[in-house]
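Student: I would like to see how this sequence folds:
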Amino acid sequence: MSFAVRALKVGQTEIPGPELFWMSDWDRWHRLFFNVVLVQGEGITLLVNTGAPEDLAPINEVWTSILGERSRFERTEDETILAQLARVGVAPEDVTHVVVTPFQLYSTAGIPFFPNAQVCLSKTGWIHYHTTHAHPHDIRWSSISKTVLGYLVLDAWDRVRLLEDEDEIAPGIRTWWAGAHHRASIAIEIDSTAGTVVVSDAFFVYANVEENRLLGINENMYEALACYERTRRTADRIVPLYDPLVYERYPDGVVAPKS
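Tutor: Below you'll find the predicted structure:
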């Protein structure tokens, strides 16, 4: 199987250095992009993540209360998920699979846009979400909104697939539980036209995985190190879900072209 892989920018923010690199860059801020990844081929149109909600207030209320105004989620009109998909000729009805990592409003909000998609969620993350009442990193309604949760467990439940920690979505597209960033964080391996592509939020930027610089906002550094080692061993091309450098390495986000 040889899939095309493309990154689409759907927003940006800035974060302080120690959030990106563990115990490092105390006096620096770093620009992050929020990337959705589009995978196409073999009758499959798959999205990794679905973009932030139309109303960014719930995200920014939480983020600015912790980090200040500099951390606001910003998005232009042409960076909504639907605008970006339209730009590359994909209609919401065309999407066959949605994979979400992690569970946060910026990844889960657009799930209802895709009425024909199988919605793939980490089973480990789903169990954690529904069995944890208080957590220092996960705020329930900042992970999945009440509207989207209702959609998942009512309207879309027959299309929800809970992924095992090692799983295969379709021939040539595999997932594995990564942890590190959130309990719902996974890695997606794609057999692309340019070799094996690995996509994850467990590493924010290339330096995390390529230089083994631990993610600052990690929940378990041993999970992070294991994820980085496996990614380096497996991947021909890597797509961190927040790194602006994706678009420098791969102009217009084309990680693996259509064959």
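Student: got a list of what Asp155 touches?
Tutor: Going by CB atoms under 8 Å, 6 or more residues apart in numbering, Asp155 touches Pro112. Where you see a C-beta, it was placed from the backbone N, CA and C, and this is true even at glycine.
Student: quick one: it and Tyr228, what's the gap?
Tutor: 38 Å (CB to CB, to the nearest Å).
Student: can you list the residue ranges for helices in the stretch 51-200 of the chain?
Tutor: Under the criterion DSSP state H, counting those that start in this stretch, the stretch 51-200 of the chain contains helices at 57-67, 81-87, 105-108, 123-131, 140-143, 146-150.
Student: need those helices in a markdown table with distance to Glu19, mean pLDDT and mean neighbour count, can you?
Tutor: Below are the helices of the stretch 51-200 of the chain laid out as a markdown table (distance: least, CB to CB, whole Å; pLDDT from 0 to 100; neighbours: other CB atoms under 10 Å):
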| stretch | distance to Glu19 | mean pLDDT | mean neighbour count |
| --- | --- | --- | --- |
| helix 57-67 | 8 | 95 | 14 |
| helix 81-87 | 24 | 98 | 17 |
| helix 105-108 | 15 | 98 | 25 |
| helix 123-131 | 21 | 98 | 16 |
| helix 140-143 | 16 | 94 | 16 |
| helix 146-150 | 25 | 98 | 15 |
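Student: kindly check the end-to-end length of stretch 167-176 for me.
Tutor: 6 Å (CA to CA, to the nearest Å).
Student: tell me, which helix in the protein spans the most residues?
Tutor: helix 221-234 (DSSP state H).
Student: need the contact partners of that helix.
Tutor: The contact list for helix 221-234, computed with CB under 8 Å, 6+ apart, reads 22, 176, 178-181, 187, 189, 196, 198, 200, 202-203, 208-210, 212, 214-215, 218, 238.
Student: try it again at 10 Å.
Tutor: 22, 174, 176-181, 183, 185-187, 189, 196-200, 202-203, 208-215, 218, 220, 238, 240 (CB atoms under 10 Å, 6 or more residues apart in numbering).
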